[in-house]
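In: Next comes the sequence, and after it the predicted model I'd like to discuss.
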Amino acid sequence: MSLFATSEETALQRTLQALFLKELRHKYNRRIKAKARRFVIQTCKGTKVS
């Protein structure tokens, strides 16, 4: 279970990094960055709870 969780976590981090790089390419606004941070925090909390 722990190994699967870690692999799932790394996959999530990779997708988030890819999306973050895409946003950087498009010169994202501060609002988008704030929304991204909130989303990441919410997903991290969600995975910890579940």
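Out: Structure received.
In: pLDDT at Leu12, what is it?
Out: Looking at Leu12, its pLDDT is 87.
In: likewise Lys22?
Out: 84.
In: For it, which residues are in contact?
Out: Applying C-beta atoms under 8 Å, 6 or more residues apart in numbering to Lys22 gives no contacts. C-beta coordinates here come from the backbone N, C-alpha and C atoms, glycine included.
In: Which of the helices or strands spans it?
Out: Using DSSP states H and E, Lys22 sits within helix 2-25.
In: Stretch 7-16: how far from the chain's middle?
Out: 8 Å (C-alpha atoms, centre = their mean, to the nearest Å).
In: So which bits of it are buried?
Out: Neighbour counts over stretch 7-16 (16 or more other C-beta atoms under 10 Å) mark no residue as buried.
In: Okay, His26 and Leu19: tell me how far apart.
Out: Noted for His26: a distance of 11 Å to Leu19, by C-beta to C-beta, to the nearest Å.
In: Neighbour count: those two, which is higher?
Out: Leu19 (13 against 8; other C-beta atoms under 10 Å).
In: Need the pLDDT of that one.
Out: The per-residue pLDDT of Leu19 was computed as 86.
In: Then Thr47?
Out: So Thr47 comes in at 66 (pLDDT).
In: same check, this time on the one 3 residues further on
Out: You'll see Ser50 listed with a pLDDT of 48.
In: The closest residue to Glu23 other than its chain neighbours is in what secondary structure piece?
Out: Spatial nearest neighbour of Glu23, chain neighbours left out: Ile32 (6.1 Å); criterion: C-beta to C-beta, 6 or more residues apart in numbering. In this assignment (DSSP H and E), Ile32 forms part of helix 30-49.
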